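>>> here are the coordinates; sequence isn't available:
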């Protein structure tokens, strides 16, 4: 082998071990090791290694979210369904991060790792009238369930194990047409008119206060 060939072999070989599961003869698999590695290197700086989130970075708790929902959201960011509106600051921050997951295998691996993390119950930070919110939540429970645990068949995620400020933010995003308006975002389009039934900030805070009472 020539000196050039030897140099290229030495230069390329380390690259093959940078990402767990990489190889030259087959596509990488969505292994737990790969998901953990990618989460730690691409996600944990904002969402923390245990998935508990960081309000200062506008990053919600995501630990324990189901694989199907995380996959859908990451695809939404990657494909432009989410994070495309200039008023959605947190979404715009997340969009380029999701694009670092360049393959479906990457997305599945990260989603599986997130789902494997123990769920958390962040402290309340939003004031609201939970009793008034219970009446408003009747509209929500048709999809998200009376217990707030979501319904995969309807594409509705669980609501109880993330930050209340994040729920408030997303309800406002739907209500203000900052989310759920991009063509192809089927589930976002379904959610937008539901959020519009909440007439003001008080109603949004009240329904989120009720959601927090559903935590077990």
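Yep, it's here. Values in this document were obtained by computation on a predicted structure and should not be read as measured data. Numbers count the residues shown, from 1 in each chain.
>>> so how far is the lengthiest helix in the chain from its chain's centroid?
Secondary structure of the chain read by DSSP state H shows that its longest helix is helix 130-144. Shown here is helix 130-144, whose average C-alpha point lies 22 Å from the average C-alpha point of the whole chain (C-alpha atoms, centre = their mean, to the nearest Å).
>>> same thing with stretch 200-208?
Going by C-alpha atoms, centre = their mean, where stretch 200-208 is centred and where its chain is centred differ by 22 Å.
>>> what's residue 60 in contact with, if anything?
In this structure, residue 60 makes contact with 47, 53, 162, 163, 166, judged by C-beta atoms under 8 Å, 6 or more residues apart in numbering. C-beta coordinates here come from the backbone N, C-alpha and C atoms, glycine included.
>>> if you set the cut-off to 6 Å instead, what comes out?
With contacts taken as C-beta atoms under 6 Å, 6 or more residues apart in numbering, residue 60 has the following neighbours: 53, 162, 163, 166.
>>> about what we covered before: give me the mean pLDDT for the longest helix of the chain.
For helix 130-144, the mean per-residue pLDDT is 97.
>>> Residue ranges in this protein under the pLDDT threshold?
Regions of the chain meeting the criterion pLDDT under 70 cover residues 1-27.
>>> any idea how it splits into domains?
Structural domains of the chain, as assigned by automatic domain parsing, span the residue ranges 29-116, 130-213.
>>> For residue 124, which of those domains is the nearest?
Taking C-beta to C-beta, domain 130-213 is the member of those nearest to residue 124, at 5.6 Å.
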